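[1] My questions concern the predicted model and sequence given below.
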Amino acid sequence: TTRKTIQKLFLIRSSRSLHSPTPSRSFSHRNFEDFSIMARQKKNARKINNKVEQKSTKSKENLFVRSSGILLHPTSLSGPYGIGDIGSNALGFIDFLHKSGQSLWQFLPLTPHGHAGTPYASPSAMAANPCLISLEPLIAAGLITQEDTKALRDLDQDRVDYDKVTPIKRKLLRIARDNFRNGSIKNETVEKWTQSMQEYVAREGKEWLDDYALYMALREKEGKCWIEWEKDLRDRKKDSLDFARQNLGDEVDEHYFNQFMFNEQWSVVRSQAKEKGVRLVADIPIFVAYDSADVWANRKLFKLDSEGKQTVQAGVPPDYFSATGQLWGNPVYDWTECAKEKYSWWALRFRRALDLADIIRIDHFRGFQAAWEVPIADKTAQGGSWIEGPGFKLFRGVNKAMGSELPVIAEDLGLITEEVHKLREGMGYPGMKVLQFAWDNVESEHLPHQIKSHHTVIYTGTHDNNTVLGWAQQSSNEERKNMREYLGLGKREPVGEKRKREEKSEEKEEIIDDVSWKMIQLALSSVADTAIIQLQDVLELDGKSRMNTPATTDGNWSWRCKENCMTDDIADRLKKMTVRYGRILKKE
C-alpha cells in the first residue's frame with residue numbers, strides 16, 4: 001500500500017476521535033393524514049420483530065448472494081422539519097430502492113447523536129435518536145398541530161443545524177407526550193398507543209430502557225457527566241435510584257415516550273422494507289462513549305477504578321503519520337468481566353441492533369482481536385500497548401446466546417494484521433473495499449480485479465469519504481491517469497512536436513466524464529457479493545454534499561438531499577446497470 005493510500009485510511013481512523021436533475025415522476029412528501037395505513041403496516045411489522053433469530057440466519061445467507069444497495073442516513077432525507085426523519089420520505093426512499101433494483105439500505109448508527117450531530121459518540125448504544133421521529137403521525141393523531149412546527153419549518157432545509165433542530169424538536173415531542181398523557185386527546189390511535197406503550201416499556205424496560213431513561217433524566221437535571229453526580233447516584237445505590245425515578249418520573253416518562261414512538265414508526269419502515277425486498281444494514285461502533293448510559297449502568301464491563309474513573313483509554317499507536325499516536329478517549333472493555341457474564345451485554349447490543357435491522361456493520365472490527373490501550377494520564381498514545389481482545393470467544397458466545405449466527409459486515413480498513421483477517425474469515429464475515437482508495441497504486445487491494453474473495457462488500461465511498469465527483473475534482477494527476485487507463489479511456493499517444501509540447505506540460509489530467517456512474521459501474525461489475533453506493537454518487541453530487549470529513553468537527557453529518565431528487569430516470573438507469581451485472585435479489 002502506498003503512502004497516500006495509508007494516509008487516507010489513517011484519516012478515517014482518526015475520525016473515531018471526533019467523531020439535481022429535473023425530475024420526471026418522483027416520490028415526494030407524502031400525505032400522512034390517513035394514519036390507518038401506518039397502523040396496518042405496523043401490525044404486520046410485529047410479526048417481523050418476533051422472528052429476529054430466524055431472520056438473522058436468513059440475512060447472513062443472503063449477504064453472500066450477489067446484491068447491491070445504497071448508503072444514506074435518515075437525517076439526510078428531505079422534508080420540511082429541519083432534519084430527515086423516518087416518516088413518509090423514508091418510505092419513499094424504500095420505494096426508490098425497489099424501483100432501482102436495490103436490495104440494501106445501509107445507514108449510520110440510529111442512536112442519539114452526540115456533539116455536532118455525530119452518530120458515533122452517543123449517550124446510548126441501545127436507544128434510538130428522537131430527532132428521527134416523524135412529526136406527521138403526531139399531527140395526524142392530534143398530539144401536536146401544524147402550527148406547532150413553524151419554528152422547524154422556518155429553518156434552513158438544505159442542511160441540518162443540530163444546535164437549532166435538537167431543542168426545537170425536543171420541545172415538540174414533549175408537547176406531544178403531554179397531550180398523550182393528560183387525556184385531552186382521545187381517538188382510536190391514541191388509545192391504541194396507550195396500550196402499546198405499556199407493552200413496549202414492560203418488554204424493553206429491564207433490558208435497557210429503564211437505565212437509559214433514568215440516565216438521560218439525571219444527566220439533564222445534573223448538567224454534567226455521571227462521574228460527577230453525587231456518590232450514591234454515581235454508584236447506583238438502589239435507594240437513590242428509586243428516589244430519582246420517583247422524583248423524575250415525568251422526565252423518565254418523556255424518554256419512554258420518545259423511544260416508543262420511534263419504535264412504532266420504525267416498525268412501519270421495517271414492514272415497508274420487507275414488502276419491497278429491501279434489507280436494512282445497521283452500523284455499530286465497537287467502542288461506546290464514557291458519558292453514556294452504557295458505562296454508567298455496566299461499570300464492571302469496563303476498565304474503571306473503584307470510583308468509576310477511567311484507568312485506560314482507546315487509541316492508536318505511533319506510526320508514520322503521527323509520531324505520538326492518537327488518543328480517542330473511549331473507555332476500554334474489561335474482556336475478562338465480559339466473559340464472566342458470557343458476553344450477555346454484547347448479545348443484548350447485537351440483539352437490539354437486529355431489532356432495527358437485518359445486517360450489522362461493525363465499525364473498527366480489528367478491536368475485537370486487539371486494541372491499543374493507553375494509560376488515562378498519558379498526554380500521548382506513545383505509552384500504550386496492544387491488548388488482546390476476545391476474538392472468536394465473543395462472537396461464538398453471542399451466537400450461542402442468540403441461537404443464530406450474526407449477520408455481520410466487518411469494517412477492516414487500514415493497516416490490518418493477519419490475526420484480524422483470520423478472525424474475520426473464521427467467522428465468515430465479509431470485509432470491505434473502497435474504490436476511492438484504488439487509484440494511486442496500480443496494485444491496490446481496492447481495485448476490482450484485486451479482490452481476493454467474493455465474500456466482500458465494495459463501496460464507491462463510505463461516510464468518511466468524499467463523494468466520487470468531489471474525490472475526482474481533488475484527485476491527483478496520477479490517480480486520474482490510473483483510473484482512465486483502468487477503464488480503457490487513456491489518451492492516444494501524441495506524436496511529433498505536439499508530443500514534445502505535452503511532455504513538458506504540467507496540465508492536469510481531465511476528470512473522466514460521468515465519473516460517478518463510471519465508479520458505480522466498477523462497483524456493480526466487481527466480483528464482490530455486495531456493492532454499496534453512496535446516494536450522493538447516484539445523484540452525481542460534488543464535495544459540498546460530503547457526509548463527514550475525518551479529523552474535523554464543523555459541517556459534518558449535515559447534508560440533506562433535495563426534494564424530488566430521486567427521479568424515475570435515475571432509478572431506471574441504476575436498475576438497468578444492476579440487472580446487467582446480476583445483482584437483482586429475488587424477493588423471498
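    Perfect, I can see it now.

[2] ok so Ala280 is a helix residue?
    Check again: residue 280 is Leu, not Ala. No. Under the criterion used here (DSSP: H, G, I helix; E, B strand; the rest coil), Leu280 is strand, not part of a helix.

[3] can you pull the contacts of the closest residue to it other than its chain neighbours?
    Sequence neighbours aside, Ala357 is the residue nearest to Leu280 in space, at 4.1 Å (criterion: CB to CB, 6 or more residues apart in numbering). Just so you know, the C-beta spots here come from the backbone N, C-alpha and C atoms, and that holds for glycine as well. Listed by CB atoms under 8 Å, 6 or more residues apart in numbering, the contact set of Ala357 reads Arg279, Leu280, Val281, Ala282.

[4] if we go to 10 Å?
    Contact partners of Ala357, counting by CB atoms under 10 Å, 6 or more residues apart in numbering, are 55, 59, 105-107, 110, 266, 270, 273, 279-284, 407.

[5] now the residue nearest the centre of the chain, what's its secondary structure?
    For the chain, the residue nearest the mean C-alpha position is Leu108 (1.1 Å; CA atoms, centre = their mean). Assigned state for Leu108: coil (three-state reduction, three-state DSSP).

[6] Could you do the one 5 residues further on as well?
    Assigned with three-state DSSP, His113 falls in the coil class.

[7] Can you tell me the SS state at the closest residue to it other than its chain neighbours?
    The spatially closest residue to His113, leaving aside those adjacent along the chain, is Pro119, at 5.4 Å (CB to CB, 6+ apart). State at Pro119, reduced to three classes by three-state DSSP: coil.

[8] neighbours around Pro119, how many?
    22 (other CB atoms under 10 Å).

[9] what phi and what psi does the backbone show at it?
    phi -90, psi 0 (degrees, to the nearest 10).

[10] Quick one: residues contacting it.
    Pro119 neighbours (CB under 10 Å, 6+ apart): 19, 73, 75, 107-113, 129, 283, 285, 463, 548, 557.

[11] Please tell me how far it sits from Gln436.
    Pro119 is 21 Å from Gln436, where distance means CB to CB, to the nearest Å.

[12] go on, Glu419?
    Distance of Glu419 to Gln436, given as CB to CB: 27 Å.

[13] Give me the more crowded residue out of those two.
    Gln436 (23 against 14).

[14] can I assume that one is in contact with His446?
    Yes. Applying CB atoms under 10 Å as the test, Gln436 and His446 come out as touching, 8.0 Å apart.

[15] in the stretch 151-300 of the chain, which spans are strands?
    Assigned by DSSP state E, counting those that start in this stretch, the strands in the stretch 151-300 of the chain fall at 279-285.

[16] Quick one: low-confidence residue ranges for it.
    Judged against pLDDT under 70, the stretch 151-300 of the chain has no low-scoring part.

[17] Repeat that for the chain.
    Those would be 1-64, 320-321, 491-507, 587-588, if you go by pLDDT under 70 across the chain.

[18] which stretches of it form strands?
    Secondary structure of the chain (DSSP state E): strands at 67-71, 104-106, 279-285, 312-316, 326-327, 359-363, 370-375, 385-388, 408-410, 431-434, 456-459, 530-534.

[19] Between those strands, which one is closest to Met483.
    Counting by CB to CB, Met483 lies closest to strand 431-434 out of the strands of the chain; the figure is 13.9 Å.

[20] Paired strands for the closest one, with orientation please.
    strand 456-459 (parallel) (DSSP bridges).

[21] Tell me how far the partner strand lies from the chain's centre.
    The chain centroid and the centroid of strand 456-459 are separated by 16 Å under CA atoms, centre = their mean, to the nearest Å.

[22] now stretch 166-181
    That offset, for stretch 166-181, works out to 25 Å (CA atoms, centre = their mean).

[23] what does stretch 365-384 give?
    24 Å.

[24] Let's see it as PDB, backbone CA atoms only.
    Presented in PDB, the C-alpha positions along stretch 365-384 are these (Å, rounded to 0.1, in the frame of the first residue of the first chain):
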ATOM      1  CA  PHE A 365     -13.700  -4.700  13.800                       C
ATOM      2  CA  ARG A 366     -10.000  -5.100  14.400                       C
ATOM      3  CA  GLY A 367     -10.500  -4.100  18.100                       C
ATOM      4  CA  PHE A 368     -12.100  -7.400  18.800                       C
ATOM      5  CA  GLN A 369      -8.700  -9.100  18.000                       C
ATOM      6  CA  ALA A 370      -6.500  -6.500  19.800                       C
ATOM      7  CA  ALA A 371      -6.900  -2.800  20.800                       C
ATOM      8  CA  TRP A 372      -4.400  -0.100  21.600                       C
ATOM      9  CA  GLU A 373      -4.700   0.800  25.300                       C
ATOM     10  CA  VAL A 374      -3.200   4.000  26.700                       C
ATOM     11  CA  PRO A 375      -2.900   4.900  30.400                       C
ATOM     12  CA  ILE A 376      -5.500   7.600  31.100                       C
ATOM     13  CA  ALA A 377      -3.000  10.100  32.500                       C
ATOM     14  CA  ASP A 378      -0.800  10.000  29.400                       C
ATOM     15  CA  LYS A 379      -0.800  13.000  27.100                       C
ATOM     16  CA  THR A 380       0.100  11.000  24.000                       C
ATOM     17  CA  ALA A 381      -0.500   7.400  22.800                       C
ATOM     18  CA  GLN A 382       3.200   6.500  22.900                       C
ATOM     19  CA  GLY A 383       3.000   4.700  26.200                       C
ATOM     20  CA  GLY A 384       0.100   2.400  25.100                       C
END
